[in-house]
Each structure stands twice: as structure tokens, then as C-alpha cells.
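Visitor: Build me a model:
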Amino acid sequence: MEKALDQSGIGLTTALVVGVLHRLHYEEKIAFRFFTWAGHREEYEHEPQAYNAMIDILSSTKYKAKQFRIVCDLLDYMKRNEKKRVPMEVLLRILRQYTEKYLTHLQKFAKKKRIRVKTQPEINAFNLLLDSLCKCSLVKDADELFERVKNKVKPDSNTYNILFFGWCRVRNPTRGMKVLEEMIQMGLTPDNFTYNTAIDAFCKAGMVNEAAELFEFMRTKGSTMSSPTAKTYAIMIAALVRNDQLDECFKLLGHMINSGCLPDVSTYKEFIEGMCMAGKVEEAYKFLEEMGNKGYPPDIVTYNCFLRVLCDNKKVDEAIRLYRKMIEVQCMPSVQTYNMLISMFFRMGDHEGAYETWDEMDERGCARDADTYCVMIEGLFDCNLVEDARFLLDVVINKGLKLPYRKFDSFLMNLSVTGDLQAINRLSEHMRQFYNPAMARRFALNEKRNS
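Guide: Prediction:
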């Protein structure tokens, strides 16, 4: 964003900056990035109106006040003292005040139990400030702040992790690795979650060789806390598949099993999703076969993970092929299997396919649940098959099924378009058994806030 703004060559004025901030009132992170970018421009200086607008945005809700209260205090100091930079002693004072006022639970507990806490109290507030900056993609600003403060406030592992994740967020894993190296030099040990983030960032940036080197370091020199997990293997294998390194992929799979790191549901999902997104559906089948040969045959949960990826990407032929394979190997489809297929057919505009799947459930003896009815009714309304949708709503009422409130509200909206007051009253009476008026008001308020 900042690069695009630099290239635009727009001359900044206070009125323009305030106007943009008002437009971004509900996008606090983007607004803060714009405010910071404008403040760094040589031809422009923030005036009190701009500070007021930014403070108003960052403190307008409880969530924002909790996340950005320190930032608000810093901006307030700059506005009142007409400063472009906060002195170190003022920053430390703000951090201590924030800790004393809002982050007192640990200190109170330690005092009550007479536990000596080695961590400086203000480090918690400092970490919160760095986290807020990194979440706004202002990692350079967070890094500059860290360099200024680290000699005054001793950083802990959370400090380095926040900066590391920040660099990974802006797709700069090389700079992130320097933070990781400094962390190790300080005697702090990264855990496998930190390493997993690094490997994932390298893979997403196309730096697979660097990811492989870091993975090898984890595998051969890592401690118990930083040894590869099933998630680590899943990230690496998915990256290798995307880069057509299938031999390396299956070699890594062998290492995984030999090390006693067994694949779980999330691992299967990562493998299969990576292969399918890379257009390697045949390799995904080969992977399932390979796992079966090694004594880890796929179960219904694994097949459903595979099917979800195919359905989400509207690969109808492959989804039907997988469904038939499940039956062939006598892995009986579950109600979730059928729900995914019905939903996929409706997204493709094929209501006949949805009807066939619906009937198939009866033939296979699979009982429908509330989600099945929701998917079917919603699809019928979308296809303008209102009479069929009404019929199924009557079935829901007669069976006494409880629908999720969001779906119930959606079906009422669809019925109101048709003007069928009798159906609206019947459905409302039915749902009143499960939901009270207070919940309806809360739902309406939440929807209004989200919009």
C-alpha cells in the first residue's frame, strides 16, 4: 500500500488526510498505516485534527481500545506536545502506566503468592505495542522501536516471536531469520511453532531451498521443543509438490514415518490440499495409496478432507470419482460427505445432481441431519425452486429440527420475498421454541455492526 501511495505523487493536506481517515473509520489497521505513511512525508506534518481523527478511530470500540490503547497514549502525547517523536523516557513511562492500569493480573497474583517475577512489568505492554504495529504491517516501525528500546527493556521470547511473525507477515522471511538468529544468541530457544511459521513463510515466498535447509536443521540439530511435527512435514511436502519435486516428497514422507511422527487429520488435509491446488490430483491418490501400504490406510475423515478440497474448488468429476472410490474400498460415506456434495452441486447450478445425492442418502441408509436440510433448502431457494424449499421447510417443522439462527433468518428473508405469510408464521412459531426475542435482537445488532 505504501509503495502505491508513494507512486501516486498526491500532495497531502490536513483536510485530505482527515477525509481519508474518516473514510477508513471501520478499517483501523489500514487507517493507521495511512496515518503513519503520511507522517513520514517530508512536505507534510500532522496537525491536531489528524491526531484527533486517528485517536478516535483507534479507541472507538472496546476491542480497538484494548488492542491500540498504548498507541492512543503515544499519539495523544505527540498531539499535546507538538512532537513528531516520543522520547525514550516518555515511552517507558507510558508502558509502565499501561502495565499498572491494565496488565496487573500477573503482578497481583505474584504479590499475593509471594512469587518473585523476573520479567520487567513493562515488557508485556511493549510486546502489545509491537504486536499492534506488526498487525498493521508496520514491521519496519516496530523494528526501529525495538532497536531503540531493547537496551532499556530486556526483550523476552515473545518480543522476538512478535517481530519474527511480523517479518513473515510481510513476506520477508530473510529479515525474520536475522531476528531468529539474534533470539538464539540471546539464549532464548525458538519452539517448533516459530520454526513452522518460518518454513511456511519461506515456502509462500517461493524460497523452498531455504525452507528445506531450515527443516534439515530442525531435524538434525533441533531440540525436543523444536523438532519437526506433523504440521512441519505437511508444510514441506505441500511445498515440494507445488514445485514438482515428488521424489523428494515421498522421501520426506518416509522420514516422517520412520521418525515416529504419525500423520493426523490436519496433516492429511495439508498434503492433499497442497497437491490439489497444484493440480496434482493423481499424486494425491498415489499419496493415499502409499500411506495405506505403510500401514496408515485413510479413513472417512481423511477422505472427507480430500473431498472438501475438491468440492471447494468445484472439481465435480474428481469429487464423484473419489466418492465412488470410497464405496469401492468399503469406506462408507458419512452425512458430511453428502452435505459437501450437495453444496458443490448447488454452487455449480446443478440442482439435478443435488437431488440425486439426496436420494442416494436414502439408498445408502445415511440419516440426514439439520445441516443437510439447511444446505438443500438454501440451494433450492438460490435456484428459485421455492415450492420444493417450502416443502422441505415443512418437513423440518414436522420433524422438530432446530436450525442455526443465521439460516433461520436467511430462510425468513427468502419467504418474505415470496410474500408467503402463512409459511413465515409457521417457521417463526417453530423457531420460537429454540430462540427467544432477546437473541433475535442481539443477532440483528451484530449484523448491523458487521455491515
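
Visitor: any weak-confidence spans in the stretch 201-350 of the chain?
Guide: The stretch 201-350 of the chain contains residues with pLDDT under 70 at 221-226, 262-270, 274, 278, 294.

Visitor: now the strands for it?
Guide: Along the stretch 201-350 of the chain, counting by DSSP state E, counting those that start in this stretch, no stretch forms strands.

Visitor: Please save the CA atoms from the strand or helix carrying residue 379 in CSV.
Guide: Using DSSP states H and E, residue 379 sits in helix 370-382. Only the C-alpha atoms of helix 370-382 are listed here, as CSV (Å, rounded to 0.1, in the frame of the first residue of the first chain):
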residue,chain,number,x,y,z
ALA,A,370,-30.1,-30.4,10.3
ASP,A,371,-27.1,-29.2,8.1
THR,A,372,-28.3,-31.4,5.2
TYR,A,373,-31.7,-29.8,5.3
CYS,A,374,-30.1,-26.3,5.6
VAL,A,375,-27.8,-26.9,2.6
MET,A,376,-30.7,-28.3,0.5
ILE,A,377,-33.2,-25.6,1.3
GLU,A,378,-30.7,-22.8,0.8
GLY,A,379,-29.7,-24.3,-2.6
LEU,A,380,-33.3,-24.6,-3.7
PHE,A,381,-34.0,-21.0,-2.8
ASP,A,382,-30.9,-19.9,-4.8
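
Visitor: mean confidence for that helix?
Guide: When pLDDT is averaged over helix 370-382, the result is 92.

Visitor: after it comes which helix or strand?
Guide: Using DSSP H and E, the first helix or strand after helix 370-382 is helix 386-399.

Visitor: Which other helices and strands does the helix or strand following that next one contact?
Guide: Counting by DSSP H and E, the next helix or strand C-terminal to helix 386-399 is helix 405-418. If contacts are counted by 3 or more C-beta pairs under 8 Å, 6 or more residues apart in numbering; DSSP states H and E, helix 405-418 sits against helix 370-382, helix 386-399, helix 421-431, helix 437-450. Just so you know, the C-beta spots here come from the backbone N, C-alpha and C atoms, and that holds for glycine as well.

Visitor: For helix 405-418, buried residues please.
Guide: For helix 405-418, a neighbour-count test (16 or more other C-beta atoms under 10 Å) marks 407, 408, 409, 410, 411, 414, 415 as buried.

Visitor: The fourth one: what's it in contact with?
Guide: Residues in contact with residue 410, defined by C-beta atoms under 8 Å, 6 or more residues apart in numbering, are residue 378.

Visitor: Give me the distance between it and residue 432.
Guide: Separation of residue 410 from residue 432 (C-beta to C-beta, to the nearest Å) stands at 17 Å.

Visitor: returning to that earlier point: tell me which of the helices and strands packed on helix 405-418 sits most buried.
Guide: The highest average neighbour count among the helices and strands packed on helix 405-418, using mean count of other C-beta atoms under 10 Å, belongs to helix 370-382 at a mean of 20.

Visitor: Tell me how far it lies from the chain's centre.
Guide: Centroid separation for helix 370-382 versus its chain: 27 Å, with C-alpha atoms, centre = their mean, to the nearest Å.

Visitor: ditto for stretch 21-30
Guide: That offset, for stretch 21-30, works out to 21 Å (C-alpha atoms, centre = their mean).

Visitor: Just the terminal-to-terminal distance for that stretch.
Guide: End-to-end distance for stretch 21-30: 9 Å, by C-alpha to C-alpha, to the nearest Å.

Visitor: Likewise for stretch 8-27?
Guide: The first and final residues of stretch 8-27 sit 21 Å from each other (C-alpha to C-alpha).

Visitor: Not counting its own residues, what contacts that stretch?
Guide: 30-31, 34-35, 38, 41, 43-44, 46-47, 49-50, 53-54, 57, 60.

Visitor: switch to 10 Å and redo it
Guide: 5, 30-35, 37-39, 41, 43-50, 52-54, 56-57, 60-61, 64, 449-451 (C-beta atoms under 10 Å, 6 or more residues apart in numbering).
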